[in-house]
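*Asks:* Whatever this is, show me its structure:
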Amino acid sequence: MAFAGLQGPFSLTAEAVNIKVGGKLPGTYVLGYTDEEGTFIIEYLGRSSDNVKQTLQDHLADGHKQFAFEYYLSAKGAFEKECELYHEHPVATPHPDRPEGSYWKCPKCTFLF
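*Replies:* Numbers count the residues shown, from 1 in each chain. Take a look at the predicted model:
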């Protein structure tokens, strides 16, 4: 397992996404690769408020080798996990934005983004 709460890593291919990721559900994911020592290196992290499978399929041509993901029961759960991952494993992406129209706060820094 790449990180607590995430399934994977798996190869970022259309076949793997179709097999490993089920129906239309919110989710959080990381994209990256496993280095020579067996450590998963995060290159990108993100979330989908409604369909993590489709979002991963949208990344197939981005050049990432692997992905890990997890489903959540709500868009808020996916947002909160994305924020946690961002603070625990900083990558060169901006702090996750909250979904438009929500006033959810980051569970780590409590700011509105």
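
*Asks:* count of neighbours near Glu37?
*Replies:* 6 (other CB atoms under 10 Å). Where you see a C-beta, it was placed from the backbone N, CA and C, and this is true even at glycine.

*Asks:* In terms of secondary structure, what does the top helix by length along the chain contact?
*Replies:* Identified as the longest helix of the chain according to DSSP state H is helix 75-88. When contacts are defined as 3 or more CB pairs under 8 Å, 6 or more residues apart in numbering; DSSP states H and E, helix 75-88 sits against strand 27-34, strand 40-48.

*Asks:* Quick check: nearest residue in space to the spatially most central residue of the chain, chain neighbours excluded?
*Replies:* By CA atoms, centre = their mean, the chain has its centre lying nearest to Tyr29, at 1.7 Å. Take Tyr29 and drop its neighbours on the chain: the residue closest to it by CB to CB, 6 or more residues apart in numbering is Phe69, 4.0 Å away.

*Asks:* Isn't that neighbour up against Gln7?
*Replies:* Yes. The pair formed by Phe69 and Gln7 meets the contact definition of CB atoms under 8 Å, at 6.0 Å.

*Asks:* So the two - more neighbours on which side?
*Replies:* Phe69 (26 against 17).

*Asks:* Okay, now the unreliable bits of this protein?
*Replies:* 1-4, 92, 110-113 (pLDDT under 70).
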